[in-house]
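>>> pasted the sequence and its predicted model underneath.
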Amino acid sequence: MKKNRLRCTLFLTFLTILMLLTMSVSAQAAGVKTPGKVTVTRVRLTGSNNVTVYWKKAKNATNYRIYYKQAGAKSWKGIATVGAGRTSYTHNSSNKNPLIGGSKYVYTVRAYNRSSKKWGSYNKKGIAINIPVAPTPTTVPTPTPLTDMVTAQGVTFDMKYFPKTVTVGDDMECLCVIPKSTINPTDITYKIADGTAQQLCSPETPNLHLSYGTEYMSNYYVSDWKHMIAYIKTSYEPGMYLEHRVEIYNQLQTGTFPVSVYYKNTLLRTCQVSVISIDEDAVKERQWINEIEQNAWTNDMSVMEKLKAIEQYIYDNYTYTTDGIMCNAGAEALLFAARDLGLTARYRFVGPQYDYEKGFGDVYYHFGSAFCGGHVCTIITIDGKEYIMETQGHEG
């Protein structure tokens, strides 16, 4: 009898320990936080041997790991790990992580959570960028072919980076004009889609005053806001490897259109652009805005009531921390909604370094308060009056 009682006691003790272990493991599993997928918004040249990568914040991220590889390579190479507060990183060419002129490289970013030791999913395809060939230092420089040298009103321009035809696929395409002497930046102008593109701000308006010069930037979309073929950014950025640039991003549908560049109203060249694929991330952004409008709006609402409904719907139905709907996502939703209502709208960034209202004005990959270390809102014009509006997910 005593042996049976002892066996029973030991068996019950074993079951109790097993249950406690199971509960502990379950509790730990429930507390595991897996970081969200990182969306790389753009990759651009910021020097002859420098590439800057920009991305959106991912939920539950404590760190971000930046990877790159040469196009066609099978494996990624980690080049840096940064904190959760960062949304950009500049890759400087080095012996360990080189950037070779004339080559194409692909970048991606992955989120990590220190407490759970979990990695989030990432864009395995990445975003590619071409590294231009640096001029070879020789005593007698190799001249650009005469077909790429254009002279207008006494100024010669190197047009080798502004071809007559270009194809835009999954990568951003960049057209560049190189004046061979000093000119007024605003004397370079552009005509997009024979003038039918919607211009979002004037290129003559300075966007950002910096120690090394003043940036000028303008934005367009071709040509239907809800079904755009491409988002276009024209810019002059002093100190850049190529200062006068046209950046072309594929968007919601394929198509063709011309881009013409002028110097003091004299045509330098026209490039025929062919967009051959859509941007899946841009499509998802458009679908997200459509769903919010359908849920938040009723037919009897005024324009202002519809905009305030967008503000309230995002605050009520999304969270700042878990869903990651921060001020930048709220600003985007308000800007899209305003334009869907036929209104003029633009972003405004406010931070310790920047405060500009023009230039970064169209689709998702040109905004994010983390870029300027501050806050982003939307300025909407109704009947000639400007209104500053902002929203984000509630805490929790």
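It's in. Numbers count the residues shown, from 1 in each chain.
>>> break this protein into its domains for me.
The record's domain split for the chain, according to automatic domain parsing, is 40-130, 146-275, 282-389.
>>> format those as TSV; extra columns: mean pLDDT and mean neighbour count.
Using the backbone N, CA and C atoms, a C-beta is placed for each residue, glycine as well. Converted to TSV, the domains of the chain look like this (pLDDT from 0 to 100; neighbours: other C-beta atoms under 10 Å):
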stretch	mean pLDDT	mean neighbour count
domain 40-130	91	17
domain 146-275	84	17
domain 282-389	79	18
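>>> how about those in CSV, adding distance to residue 33?
Shown next, in CSV, are those (distance: least, C-beta to C-beta, whole Å):
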stretch, distance to residue 33
domain 40-130, 4
domain 146-275, 31
domain 282-389, 10
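>>> can you tell me which of these comes nearest to residue 395?
For residue 395, the closest of these is domain 282-389, at 5.4 Å, according to C-beta to C-beta.
>>> now do the end-to-end distance for that closest one.
Its start and end residues considered, domain 282-389 measures 23 Å (C-alpha to C-alpha, to the nearest Å).
>>> please apply the same query to stretch 120-129.
Between the start and the finish of stretch 120-129 there is a gap of 24 Å, counting by C-alpha to C-alpha.
>>> what does it rub up against?
34-40, 42-45, 51, 53, 58, 60-61, 67, 69, 71, 104-113, 170-172 (C-beta atoms under 8 Å, 6 or more residues apart in numbering).
>>> correct me, but residue 115 touches residue 62?
Yes. With contact defined as C-beta atoms under 8 Å, residue 115 and residue 62 form a contacting pair (7.3 Å).
>>> re earlier: out of the contacts of stretch 120-129, which sit inside helices?
Within those, no residue falls in helices by DSSP state H.
>>> what about those, which are in strands?
Counting by DSSP state E, those place 40, 42-45, 51, 53, 67, 69, 104-113 in strands.
>>> show me where the stretch 1-150 of the chain has strands.
With DSSP state E, counting those that start in this stretch as the criterion, the stretch 1-150 of the chain has strands at 40-47, 50-55, 63-70, 77-83, 88-92, 104-113, 118-119, 127-130, 149-152.
>>> just checking, what packs against the fourth one?
It stands for strand 77-83. Using 3 or more C-beta pairs under 8 Å, 6 or more residues apart in numbering; DSSP states H and E, the elements in contact with strand 77-83 are strand 63-70, strand 88-92.
>>> what do you get for the longest one?
Secondary structure elements in contact with strand 104-113, counted by 3+ C-beta pairs under 8 Å, 6+ apart, are strand 40-47, strand 50-55, strand 63-70, strand 118-119, strand 127-130.
>>> can you list these in TSV and add distance to residue 249?
As requested, the helices and strands packed on strand 104-113 are exported to TSV (distance: least, C-beta to C-beta, whole Å):
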stretch	distance to residue 249
strand 40-47	8
strand 50-55	13
strand 63-70	20
strand 118-119	28
strand 127-130	11
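>>> of those, which approaches residue 157 most closely?
Distances from residue 157 to each of the helices and strands packed on strand 104-113 were compared using C-beta to C-beta; the shortest belongs to strand 40-47, at 19.6 Å.
>>> what is the orientation angle of that closest one with strand 104-113?
130 degrees (axes from the mean of the first three to the mean of the last three C-alpha atoms, to 10 degrees).
>>> and strand 40-47, which strands flank it?
Partner strands for strand 40-47, per DSSP bridges, with pairing direction: strand 50-55 (antiparallel).
>>> quick one: the strand it pairs with to strand 88-92, angle?
Using the same axes, to 10 degrees, strand 50-55 lies at 160 degrees relative to strand 88-92.
>>> residues in contact with strand 50-55?
The set of residues external to strand 50-55 that reach it, using C-beta under 8 Å, 6+ apart, is 38-46, 64, 66, 87-93, 99, 105, 107, 109, 127, 129, 131, 365, 368, 371.
>>> picking up where we left off before, can you list the helices and strands packed on strand 77-83 in a markdown table and add distance to residue 224?
Rendered in a markdown table, the data for the helices and strands packed on strand 77-83 read as follows (distance: least, C-beta to C-beta, whole Å):
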| stretch | distance to residue 224 |
| --- | --- |
| strand 63-70 | 35 |
| strand 88-92 | 31 |
